[in-house]
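K.L.:
Structure, please.
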Amino acid sequence: MKLAKTRLSPALKPDERAHLTLAMLNDVLGAVCGVRRISRVTVVSADQTVRKIARSYKSHFIWEGERRGLNKGVRLAITDSEQRGASAVVVIHADLPFANSRDLSQFLAKCEEYSVGLVPSRDGYGTNVLFLKPPEIIKPVFGRHSLQKHQCLSKRMNLKLEVFHSRHLGFDIDEPKDLRQLLRCRVRGETGRFLRSMRDESRKD
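P.N.:
Numbers count the residues shown, from 1 in each chain. Reported below is the predicted structural model:
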């Protein structure tokens, strides 16, 4: 877990990055588990601490194995969900400190008549939330310019596509500038507690 969020290395120590990552995961899981439309939650990771957190939210856990990778992990979860009878899936990243049940519910309600739903990241290039119906209708291609890639795949297959812009779901934490902006905000939950502890420590120094 101390290898998580390495792009934040200029701003946070390894144990701080791990703490922040787990805090955001807790908050995202709390938001997801509060959405009525979501009947089953799956968490994919290679970290045993994450397994414990997933179980605390009564979520299904999939160990992603030694050869890690975001798209590989997402495909594992999607295949597992389809095999268990899911008619649709929603993929949400664990680094969204403002994720909440209300925005997720609104997004899923918007996606009812669509095959693919996307929530862009703030920069307009990434995909923070992905809805697929049925689960394997397109291949997830998270990474650089994933929003455009997901849109192109959907259009190539003539699928009905919804792009849902959300201030809360669009805010992800990747780089030090994201963390600096987050520190200026009022944040709740585990992430908020972590940020307050950071401020307290900085005052001591």
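K.L.:
When you work out contacts or count neighbours from here on, use the C-alpha atoms and nothing else.
P.N.:
OK.
K.L.:
how far away is residue 148 from residue 104?
P.N.:
For residue 148, the distance to residue 104 (Cα to Cα, to the nearest Å) stands at 21 Å.
K.L.:
out of the two, which sits in the more crowded spot?
P.N.:
residue 104 (24 against 16; other Cα atoms under 10 Å).
K.L.:
Lowest-scoring secondary structure element of the protein by mean pLDDT?
P.N.:
Sorting the helices and strands of the chain by mean pLDDT, DSSP states H and E puts helix 189-204 at the bottom, at a mean of 81.
K.L.:
Over to residue 78. Which of the three states is it?
P.N.:
Classification of residue 78 by DSSP: H, G, I helix; E, B strand; the rest coil places it in helix.
K.L.:
show me what contacts it?
P.N.:
The contact partners of residue 78, by Cα atoms under 8 Å, 6 or more residues apart in numbering, come to 89, 135-136.
K.L.:
so where do the helices sit in the protein?
P.N.:
Applying DSSP state H to the chain gives helices spanning 14-33, 48-56, 70-83, 101-110, 146-156, 176-183, 189-204.
K.L.:
other SSEs contacting the first one?
P.N.:
In this structure, helix 14-33 makes packing contacts with helix 48-56, helix 101-110, helix 189-204, judged by 3 or more Cα pairs under 8 Å, 6 or more residues apart in numbering; DSSP states H and E.
K.L.:
Highest neighbour count among the contacts of residue 78?
P.N.:
Within the contacts of residue 78, neighbour counts (other Cα under 10 Å) peak at residue 135, which reaches 24 neighbours.
K.L.:
Go ahead and confirm that one touches residue 85.
P.N.:
No. Using Cα atoms under 8 Å, residue 135 is not in contact with residue 85; the gap is 9.9 Å.
K.L.:
for the helices of the chain, which one ends up most surrounded?
P.N.:
helix 14-33 (a mean of 21; mean count of other Cα atoms under 10 Å).
K.L.:
What is the distance between that helix and the centre of its chain?
P.N.:
Centroid displacement of helix 14-33 relative to its chain, using Cα atoms, centre = their mean, to the nearest Å, is 10 Å.
K.L.:
Next, the angle from that helix to helix 48-56.
P.N.:
Orientation note: helix 14-33 sits at an angle of 20 degrees relative to helix 48-56 (axes from the mean of the first three to the mean of the last three Cα atoms, to 10 degrees).
K.L.:
Give me the contact list for helix 14-33.
P.N.:
With contacts defined as Cα under 8 Å, 6+ apart, helix 14-33 is touched by 1-6, 8-9, 38, 41, 50, 53-54, 57, 94-97, 99-101, 104, 189-191, 194.
K.L.:
thinking again about what came up before, residue 131: which of the helices of the chain is closest?
P.N.:
Set against residue 131 and scored by Cα to Cα, the helices of the chain come closest in helix 101-110, at 7.8 Å.
K.L.:
which helices and strands does the closest one pack with?
P.N.:
Judged by 3+ Cα pairs under 8 Å, 6+ apart, the packing partners of helix 101-110 are helix 14-33.
K.L.:
Just the mean pLDDT for the helix it packs on, thanks.
P.N.:
Averaging pLDDT along helix 14-33 yields 96.
K.L.:
how many degrees apart are it and helix 101-110 in direction?
P.N.:
50 degrees.
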